[in-house]
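1. Could you look at this predicted model? Sequence included:
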Amino acid sequence: MSMMDWNTYRQQITAGVSGLAKLSPETVRGYGALSSVGQKTAQLDAKTRELIAVAIAITLRCDGCITVHTDAARKLGATEAELAEALGVATSVNAGAAIVYSTRALDAFTALAEA
């Protein structure tokens, strides 16, 4: 059983973005332009871009991004194993970032003693 109804949620997100587009068309157009940039370079295939998008989505904690990009990745032929690998990379990078920022916290703590 799923944690949530992702299909309904994805439809709600799409409707919400449509509503935002009516209120702020330039914002949504700008987002659309950014979203399409990767497709124009053709250095990565579409499936790889979507797997990267899902990995980034979990680091941003964006459920809307998760549902939209997992749907796109699946439609492009991504397997559950490929998604799990991409998620593993995102998890390790997040852990690495926590380690790096831990050194910053220690540095800030030490600087207080020096002040």
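-> Yes, it's here.
2. can you pull the buried residues of the helix or strand bottoming out on mean pLDDT in the chain?
-> Across the helices and strands of the chain, mean confidence by mean pLDDT, DSSP states H and E is lowest for helix 25-41: a mean of 89. Neighbour counts using 16 or more other CB atoms under 10 Å place 28, 38 of helix 25-41 among the buried residues. For every residue, glycine as well, the C-beta is placed using N, CA and C.
3. Residues contacting it, please?
-> Contacts with helix 25-41, where a contact means CB atoms under 8 Å, 6 or more residues apart in numbering, come from 17, 20-21, 44, 46, 49.
4. And stretch 39-48, how far out from the chain middle?
-> When C-alpha coordinates are averaged (CA atoms, centre = their mean, to the nearest Å), stretch 39-48 and its chain have centres 16 Å apart.
5. tell me what the helix ranked longest in the chain is packed against?
-> If you go by DSSP state H, the chain has its longest helix at helix 80-114. Judged by 3 or more CB pairs under 8 Å, 6 or more residues apart in numbering; DSSP states H and E, the packing partners of helix 80-114 are helix 46-60, helix 63-75.
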